[in-house]
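J.: dropping a prediction and its sequence here:
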Amino acid sequence: MLLPRIGPLRSAARQTGIRKTVIAASAAILLFGPTAAVATAEPDQAPNLPAELVAAVTRDLKISPDEYLHRADVAQQVAAFATNAQRQYPAVFAGSWLDEAGRAVVALAQGPGADEAKKAAESAGFEVHNVAKSEASLRGEKSAFERWLEGQPEAVRSLVRGAVIDTVNNSIAVRVDQAGLPMPNFIDPARIIVMAPPVAGEESTLQAGDIAGETQRGALAGGDGFASVSGRSSLRCSLGFNGTDRNGNTVNITAGHCNPDIASAGSGNAAGVYELNGDRLGAQLGVFQKSVLGAQDYSIVRINDQTRDRFANNGVRAPGAAPIAVDGVATPVVGAPVCKSGARTGFSCGVVNAVDQTVQVGERELTQSFSANICALPGDSGGPIVTGRLALGISSASSVADYPVCEIPNLIGALTGNVPQLFAQPVHVVLSDNPGLRVRTN
């Protein structure tokens, strides 16, 4: 998993206890690369976006800031349509996504309700793509693959991360640790994807008594760094989205694995969250009110009363830069443009390539997650992921966390097609699990 950055920056060691990472999705995996290039814009032409985000959008997505916002909006429109179509046309609905040009596509198979579904999709302004198999049929194929896998030797099972429904190609895709594994004949060899396992971080040197300098006064936003401390255990992570809980308390929503003592969350012995002054601890900002690590990966940090005004904002930023103002919460959509921010690497962008999936890392499974072709490194854990100006996810796990800088895996991905993968905890799932919890939107 994408572990927090721990202690001073050093090269991370590969985790030895990981047996496999299983990917099992019920919605989609997008198998094309970053979106096609269109006219770019200079930073001063950006529609109220910070310069650092504009630079990441134009560099990574090769689109203009206006196009980034437009595609993010279209993605949410087709997401709303898909939710209704799954209920109204279950026999023919076969998924939806944004294509490489940013157009919304609805896939339909033949069957009862196909004409009505096509009319509804076209009336909504979406392109219709005729396919052979409905989403329900693809779920059946995925189940058949999983039954086949159960009967294979451990030497095979341990190298297969799982099967996903690839709606873009109307097929099943399989992620594996190495090429050349045996597969059943209904799996297209072109849909077998090799991906590196996640890695661990480093040992910690920070201690709660190691306080440096005076308390800062400036606002703290998503993407800023923090340290979490419990006894002699400490981690470095990134703040996620600022918010309020059901009682109106100021909170920050970050990753569950950023808590060094999950069992103590919500108690009088809860791990503390501290500001960072370089490589030393600053003032305590709050404590872990709730942490979940297993099916989900999130923490709710209760901010101290004396520092809550610093969190009374809806910003997401590269550390030290101007923020983007979050004005809502989004649903992950395959092909949608997304950008993450983290204390280690700042803003970087990509497109969602899988949604509603389960990622098994070591002995835990992260369910309902989504992934995007974005590089993230230790220290980015817990940071925010946005689509347009909407809160989308929290950084949870990475396929390239053992690299010292993102330029290396990004170059390897450009040459080989094995691009970095960032797995994320959807924000809307966190809100659903915690009635009354809200992301700040003003």
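T.: Here it is on my side, so go on. These numbers were taken from a predicted model, which means no experiment stands behind them.
J.: how close does Gly125 get to Val78?
T.: Distance of Gly125 to Val78, computed by Cβ to Cβ, to the nearest Å: 9 Å. The way it works is simple: take the backbone N, C-alpha and C, and place the C-beta from them, glycine included.
J.: and what of Ala221?
T.: In terms of Cβ to Cβ, Ala221 sits 29 Å off from Val78.
J.: would you map the strands across the stretch 251-400 of the chain?
T.: 272-277, 280-293, 297-303, 315-316, 324-325, 328-329, 337-340, 348-361, 364-372, 384-387, 390-398 (DSSP state E, counting those that start in this stretch).
J.: right, so of those, which gets closest to Ala227?
T.: Minimum separation from Ala227 across the strands of the stretch 251-400 of the chain (Cβ to Cβ) falls at strand 272-277, 4.7 Å.
J.: against which helices or strands is the closest one packed?
T.: Judged by 3 or more Cβ pairs under 8 Å, 6 or more residues apart in numbering; DSSP states H and E, strand 272-277 is in contact with strand 225-230, strand 280-293.
J.: just the angle between the longest one and strand 364-372, please?
T.: With axes from the mean of the first three to the mean of the last three Cα atoms, to 10 degrees applied, the angle from strand 280-293 to strand 364-372 works out at 110 degrees.
J.: buried ones in strand 280-293?
T.: Within strand 280-293, the residues scored as buried using 16 or more other Cβ atoms under 10 Å are 281-293.
J.: ok, back up a step: need the residues touching each of Gly125 and Val78.
T.: Ala104 (Cβ atoms under 8 Å, 6 or more residues apart in numbering).
J.: okay, these two: which has more neighbours?
T.: Just comparing Gly125 and Val78: by other Cβ atoms under 10 Å the higher neighbour count belongs to Val78, 27 against 12.
J.: tally of neighbours for the closest residue to the more buried one other than its chain neighbours?
T.: Of all residues not flanking Val78 in the chain, Ala104 sits nearest, at 3.9 Å (Cβ to Cβ, 6 or more residues apart in numbering). By other Cβ under 10 Å, the residues close to Ala104 number 25.
J.: for Ala104, grab phi and psi.
T.: Dihedral angles of Ala104 (phi, psi; degrees, to the nearest 10) stand at phi -80, psi 130.
J.: show me the contacts for it.
T.: 74-75, 77-78, 81, 96-98, 125-127.
J.: again, only using 6 Å
T.: 74, 78, 98, 126 (Cβ atoms under 6 Å, 6 or more residues apart in numbering).
J.: now, among the residues you listed, which is nearest to Gly436?
T.: The closest of the contacts of Ala104, once distances to Gly436 are taken by Cβ to Cβ, is Val78, at 29.2 Å.
J.: point out where the chain drops to low pLDDT.
T.: Filtered on pLDDT under 70, the chain yields the residue ranges 1-46, 196-216, 359-363.
J.: which residue is nearest the middle of it?
T.: In the chain, the centroid-proximal residue (Cα atoms, centre = their mean) is Ala424; its distance is 2.5 Å.
J.: who's in contact with that residue?
T.: Ala424 sits in contact with 370, 385, 393, 395-396, where contact means Cβ under 6 Å, 6+ apart.
J.: quick check: the farthest pair among the residues you listed?
T.: Phe370 and Ser395 (11.4 Å).
J.: who's the closest residue to Ala227 other than its chain neighbours bridged to?
T.: Spatial nearest neighbour of Ala227, chain neighbours left out: Tyr274 (4.7 Å); criterion: Cβ to Cβ, 6+ apart. When assigned by DSSP bridges, Tyr274 has beta-bridge partners Ala227, Gln284.
J.: report the contact partners of Tyr274.
T.: Contacts of Tyr274 by Cβ under 6 Å, 6+ apart are 227, 281, 284.
J.: do I have it right that the last one meets Ala271?
T.: What it means is Gln284. No. Counting by Cβ atoms under 6 Å, Gln284 stays clear of Ala271, with 10.6 Å between them.
J.: can you tell me what sits against stretch 305-315?
T.: In contact with stretch 305-315 (Cβ under 6 Å, 6+ apart) are residues 219-221, 242, 250, 285, 303, 323, 325-326, 440-441.
J.: that older thread, helix/strand/coil for the residue nearest to the centre of the chain?
T.: Assigned with DSSP: H, G, I helix; E, B strand; the rest coil, Ala424 falls in the strand class.
J.: identify the bridge partners of it.
T.: Beta-bridge partners, per DSSP bridges, of Ala424: Phe370, Ser395.
J.: any idea how far Asp188 is from it?
T.: Noted for Ala424: a distance of 27 Å to Asp188, by Cβ to Cβ.
J.: repeat for Asn313
T.: Asn313 is 48 Å from Asp188, by Cβ to Cβ.
J.: same check, this time on Asn353
T.: Noted for Asn353: a distance of 17 Å to Asp188, by Cβ to Cβ.
J.: go on, Asp60?
T.: 29 Å.
J.: compare these two (neighbour count), which wins?
T.: Asp60 (21 against 14).
J.: ok, the buried residues of strand 280-293 vs Asp66, which is closest?
T.: Comparing those against Asp66 with Cβ to Cβ picks out Leu285 as the nearest, at 35.9 Å.
J.: quick one: that closest one and Leu276 touch, right?
T.: No. The pair Leu285 / Leu276 is not scored as a contact, 10.1 Å apart, by Cβ under 6 Å.
J.: going toward the C-terminus from the host helix or strand of Val105, what's the next helix or strand?
T.: Taking DSSP states H and E as the criterion, Val105 maps to strand 104-108. Once strand 104-108 ends, the next helix or strand along the chain (criterion: DSSP H and E) is helix 114-123.
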